[in-house]
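Visitor: Sharing a model prediction with you, sequence too.
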Amino acid sequence: MCICINCRHVKDCITYKIILIQHNQSVSRKNDIVFTPSNTLVQININQSLYHMKLEWDLVECSSFVEKPGFWLT
């Protein structure tokens, strides 16, 4: 699971926005402030069947992580 959802920076983080784009999700552009985290590690899982391949992008490590559970919900 992506650690972004429990981070205080999730609404402004450029890495999270990139992950949303990779998941074909809409990205909110109402906030012009962009936060660039340091030392991020993105894990990409490849799920493949006979006729289909799916990539799952998850941020698993970030030096800028500040825990705030459920912040992405507000």
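Guide: Structure received.
Visitor: And residue 71, its phi and psi?
Guide: Here is the backbone geometry of residue 71 (degrees, to the nearest 10): phi -60, psi -30.
Visitor: can you list contacts of stretch 15-29?
Guide: Contacts to stretch 15-29, defined as C-beta atoms under 8 Å, 6 or more residues apart in numbering, come from residues 2, 4, 7, 9-11, 36-37, 40, 42, 55, 57-59, 62. Any C-beta I mention is one placed from the backbone N, CA and C, and that applies to glycine too.
Visitor: do the same with stretch 33-47
Guide: Applying C-beta under 8 Å, 6+ apart, the contact partners of stretch 33-47 are 9, 12-15, 19, 53-65.
Visitor: helix, strand or coil for the residue nearest in space to the middle of the chain?
Guide: With distances taken as C-alpha atoms, centre = their mean, residue 16 lies nearest the centre of the chain, 3.0 Å away. Here residue 16 is recorded as helix under DSSP: H, G, I helix; E, B strand; the rest coil.
Visitor: tell me the pLDDT at it?
Guide: In this prediction, residue 16 carries a pLDDT score of 88.
Visitor: measure it to residue 52 for me?
Guide: As judged by C-beta to C-beta, to the nearest Å, residue 16 and residue 52 stand 26 Å apart.
Visitor: where does this protein dip in pLDDT?
Guide: The model of the chain has pLDDT under 70 over residues 29-31.
Visitor: quick one: the helices in it?
Guide: For the chain, the helices defined by DSSP state H cover 14-22.
Visitor: most remote residue from it's center?
Guide: Here the centre of the chain is the reference, and by C-alpha atoms, centre = their mean the most remote residue is residue 50, at 27.9 Å.
Visitor: List only those of the contacts of stretch 33-47 flagged as buried.
Guide: 9, 13, 15, 19, 57, 59, 62, 65 (16 or more other C-beta atoms under 10 Å).
Visitor: In strands, which of the residues you listed appear?
Guide: Mapping those onto strands (DSSP state E) picks out 57, 59, 62.
Visitor: Now residue 58: closest residue in space, sequence neighbours ignored.
Guide: Spatial nearest neighbour of residue 58, excluding adjacent residues (C-beta to C-beta, 6 or more residues apart in numbering): residue 2 at 4.4 Å.
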